[in-house]
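S.K.: Let me see the structure of the following:
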Amino acid sequence: MSRRVFTFLLTLSISLTVSVVKGQDPAFSQFYANPLYLNPALTGAAFAPRLILNYRNQWPSLPANFVTYNASYDQYVPNISSSFGVLFNTDRAGDGILTTTSFSGIYSYSLPVGRKTFVNAGLQASFYQRKLDWYSLLFEDQIDPIRGFVKPTNERAPDNLSVSFLDFSAGLAISHDDFLYAGLAVHHLTEPFDGFYNDNNSKMNMKITFHAGGIIDLEPRVRNRRSQTGMSLSPNILYQQQQNFKQLNIGLYFNKYPFVVGTWFRHNIENPDAFIFLLGFQHNSFRVGYSYDVTVSKLKNVTGGAHEISFGFQFDNNRFNNRKNKGPIPCPSF
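M.R.: Take a look at the predicted model:
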């Protein structure tokens, strides 16, 4: 199949679903490296202010791949046991034919429910803008058998090439001591309409996310405290559902400061999707991670997998290096 024909088929599939598809959100393989995107209740979980940047290039071997950028900042305010964060995300699908940009403000509250148990509750308000490059789409009725795509199309153009709307999300996160943690998030609570046609047939479906894991020390603790340089394992599970789309991630991190390695298997319930391999480096306030998705579905020979890079910087880290000041949610860094 030629590159031109493949591009046509891919863009055709995007165009035919613009008005009726109930799409899914972009997904990150390093989901704990993007905590505010994963669950608004994880805002401020590090206690120290932090800046996080994420980049994902999915299916780079295709002519029309998916590229997602993400940036966030969050900070805990101890006097009111509250945290505030901002989140920016932009997703370019089909080589920029469909672009979605969002900006969010997040608030979370931390509540101790026991001597070693904490609960965080988070609320998120988001503004979305979605744009469609209609004139870059190609349709079947434009094909001339000899000259190619030269005919005008009879497909009806959208009523709007840009739509904007508000959206709301909420989440809970809980931890016990410094080795067990779990969370539940519900995004798109109001399921806003996001289509380019005025028939209200397209909306952002509610997304439900459950994540949980633990940290297993492989070296003895000193004075009942985990050594920053000690070895540990961290098994984790992530389940997401958005309308009929269901995804399960099961994996394991191995930590030996300053390195983190991890492997995951992502299953889309109906079919296996990918193996994920991660290498991370963290030193004091700085961390950077790279992961690669090895596609195992029927698309494995054409997609090129997915590349993902994360960067994090935690400010004033030395002010929060004793046990009582550490964040209540001991999630992995990646």
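S.K.: Can you pull the poorly scored residue ranges out of the stretch 201-334 of the chain?
M.R.: Along the stretch 201-334 of the chain, segments meeting pLDDT under 70 span 223-225, 227, 300-301, 317-328.
S.K.: cool, and the stretch 51-200 of the chain?
M.R.: 144, 148-150.
S.K.: Helices of the stretch 1-150 of the chain, start to end?
M.R.: 3-16, 35-38 (DSSP state H, counting those that start in this stretch).
S.K.: Surely G280 is in contact with F311?
M.R.: No: the pair G280 / F311 is not scored as a contact, 10.6 Å apart, by Cβ atoms under 8 Å. In short, each C-beta sits where N, CA and C put it, glycine included.
S.K.: Comparing those two, which shows the higher neighbour count?
M.R.: The neighbour comparison of G280 against F311 (other Cβ atoms under 10 Å) goes to G280, with 23 against 15.
S.K.: Mind giving me the packing neighbours of the helix or strand that contains the more buried one?
M.R.: According to DSSP states H and E, G280 maps onto strand 272-283. The contact analysis (3 or more Cβ pairs under 8 Å, 6 or more residues apart in numbering; DSSP states H and E) places strand 272-283 against strand 245-256, strand 259-267, strand 286-295.
S.K.: Recalculate using a threshold of 7 Å.
M.R.: strand 259-267, strand 286-295 (3 or more Cβ pairs under 7 Å, 6 or more residues apart in numbering; DSSP states H and E).
S.K.: among those strands, which is nearest N54?
M.R.: Shortest distance between N54 and these, using Cβ to Cβ, is found for strand 286-295: 9.4 Å.
S.K.: Each with direction, which strands does the closest one pair with?
M.R.: In the sheet, strand 286-295 lines up against strand 272-283 (antiparallel), strand 306-314 (antiparallel) (DSSP bridges).
S.K.: buried ones in that strand?
M.R.: R287, V288, G289, S291, Y292, D293, T295 (16 or more other Cβ atoms under 10 Å).
S.K.: Would you point out the most distant pair within those?
M.R.: R287 and T295 (26.4 Å).
S.K.: ok, back up a step: out of the helices of the stretch 1-150 of the chain, name the one with the poorest average pLDDT.
M.R.: Mean pLDDT per stretch puts helix 3-16 lowest among the helices of the stretch 1-150 of the chain, at a mean of 43.
S.K.: my guess is S232 is in a helix, correct?
M.R.: No: per DSSP: H, G, I helix; E, B strand; the rest coil, S232 lies outside any helix segment and is strand.
S.K.: The closest residue to it other than its chain neighbours: how many residues sit nearby?
M.R.: Once flanking residues are discounted, S232 sits nearest to N255: 4.7 Å by Cβ to Cβ, 6 or more residues apart in numbering. Close neighbours of N255, defined as other Cβ under 10 Å, add up to 23.
S.K.: Ok, H188 next?
M.R.: Neighbours of H188 (other Cβ under 10 Å): 20.
S.K.: what's the burial count for P60?
M.R.: Around P60 there are 13 residues (other Cβ under 10 Å).
S.K.: give me the number of residues near the spatially closest residue to it that is not a sequence neighbour?
M.R.: Spatially, and ignoring its direct neighbours in sequence, P60 is nearest to G304 (4.5 Å; Cβ to Cβ, 6+ apart). Other residues near G304 come to 18 when the count uses other Cβ under 10 Å.
S.K.: for G304, what are its contacts?
M.R.: W59, P60, S61 (Cβ atoms under 7 Å, 6 or more residues apart in numbering).
S.K.: hmm, try it at 10 Å
M.R.: Counting by Cβ atoms under 10 Å, 6 or more residues apart in numbering, G304 makes contact with N57, Q58, W59, P60, S61, L62, N65, Y292, D293, T295.
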